[in-house]
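Q: need a structure here:
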Amino acid sequence: MLEVRKLETGYGKKQVLFGLSLEVREGEIVALIGPNGAGKSTVLKAVCGLIPAWKGVIRFNGTATNGSTPAQNVARGMTFAPQGSRVFTDLTVMENLDIGGFQLPRKELRERIPQVLEVFPSLKERLRQDAGRLSGGEQQQLALARALVPKPKLLMLDEPSLGLSPNLVRGVFEKITQINRETGVSILIVEQKVREVLEVCNRVYSIKLGKVAFEGPPEALKGDKGKLKQLFL
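A: The predicted structure is shown next:
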């Protein structure tokens with residue numbers, strides 16, 4: 001579904017990714033792990049079109065997306081939930097969900113939002129509440145729900161556990177596996193909670209200094225503290 005080949009990019013004159021390649025197959029949960037500053041979030045931003053690819057190719061369902069805008073990529077079936085429970089705090093829960101489906105026809109949007117809320121029943125009771133009054137866990141659920149409104153084929157998540165208590169972290173990962181299981185959407189997730197993400201993903205890439213340092217099944221890393229330490233140093 002997603003192919004990234006020999007990607008190079010960065011910010012201004014600072015190069016962050018150096019010939020990075022990865023792929024996400026249909027129905028998979030793929031994790032990106034690695035130390036801070038390795039380039040994990042940069043991968044997601046390049047794929048969704050927030051920053052340009054300097055070199056290399058990004059393909060989604062066989063079509064090269066280099067140079068596409070985020071809106072064009074949403075229309076293709078990619079959505080992105082950025083780091084830090086990014087919701088519009090001055091808008092209501094329903095208004096946040098409406099923004100998620102800005103490209104859908106109004107009739108389809110009105111049908112789609114109740115479908116998404118079946119996955120997030122706690123949000124049903126708060127549709128008229130300002131998003132800024134939600135708890136951290138509820139805001140993360142809203143960010144996930146908003147990203148699901150356009151019916152994505154690929155959902156990209158940037159550290160969905162950031163700033164959450166251990167109990168809420170478990171809830172978020174349960175939601176991620178539920179979304180994948182019930183909707184079939186492929187998920188590319190950047191996460192620092194390594195133990196938790198290895199429990200839910202099908203494959204894992206470790207990024208180090210802008211390159212892939214490891215690619216394989218999560219079982220190859222579970223319990224191997226020496227290997228994990230090597231990847232994060």
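
Q: gap between residue 40 and residue 168?
A: Noted for residue 40: a distance of 21 Å to residue 168, by C-beta to C-beta, to the nearest Å. In short, each C-beta sits where N, CA and C put it, glycine included.

Q: who's more crowded, these two?
A: For residue 40 versus residue 168, neighbours defined as other C-beta atoms under 10 Å are more numerous around residue 40 (25 against 17).

Q: For the more buried one, give me its contacts.
A: Contact criterion C-beta atoms under 8 Å, 6 or more residues apart in numbering gives 32, 33, 34, 190, 207 as the residues in contact with residue 40.

Q: again, only using 6 Å
A: Shown here is residue 40, whose contacts under the criterion C-beta atoms under 6 Å, 6 or more residues apart in numbering are 32, 34, 190, 207.

Q: all strands of the chain, in order?
A: When secondary structure is read from DSSP state E, the chain shows strands at 2-11, 14-24, 29-33, 55-60, 63-64, 78-81, 154-158, 186-190, 203-208, 211-216.

Q: Now render those as TSV, adding distance to residue 91 and mean pLDDT.
A: Shown next, in TSV, are the strands of the chain (distance: least, C-beta to C-beta, whole Å; pLDDT from 0 to 100):
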stretch	distance to residue 91	mean pLDDT
strand 2-11	29	98
strand 14-24	31	98
strand 29-33	30	97
strand 55-60	29	98
strand 63-64	33	96
strand 78-81	16	94
strand 154-158	21	95
strand 186-190	26	97
strand 203-208	34	97
strand 211-216	38	96
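
Q: For residue 71, which of those strands is the nearest?
A: Taking C-beta to C-beta as the measure, those were each checked against residue 71, and strand 78-81 came out nearest at 10.6 Å.

Q: got the contact list for the closest one?
A: Outside strand 78-81, the residues that touch it by C-beta under 6 Å, 6+ apart are 48, 143, 144, 147, 150, 152, 154, 155, 156, 157.

Q: re earlier: include mean neighbour count and distance to residue 225 when you put the strands of the chain into JSON lines, please.
A: Compiled in JSON lines, those are given as follows (neighbours: other C-beta atoms under 10 Å; distance: least, C-beta to C-beta, whole Å):
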{"stretch": "strand 2-11", "mean neighbour count": "18", "distance to residue 225": "29"}
{"stretch": "strand 14-24", "mean neighbour count": "18", "distance to residue 225": "24"}
{"stretch": "strand 29-33", "mean neighbour count": "24", "distance to residue 225": "14"}
{"stretch": "strand 55-60", "mean neighbour count": "17", "distance to residue 225": "33"}
{"stretch": "strand 63-64", "mean neighbour count": "11", "distance to residue 225": "40"}
{"stretch": "strand 78-81", "mean neighbour count": "24", "distance to residue 225": "30"}
{"stretch": "strand 154-158", "mean neighbour count": "25", "distance to residue 225": "25"}
{"stretch": "strand 186-190", "mean neighbour count": "25", "distance to residue 225": "22"}
{"stretch": "strand 203-208", "mean neighbour count": "22", "distance to residue 225": "14"}
{"stretch": "strand 211-216", "mean neighbour count": "16", "distance to residue 225": "14"}
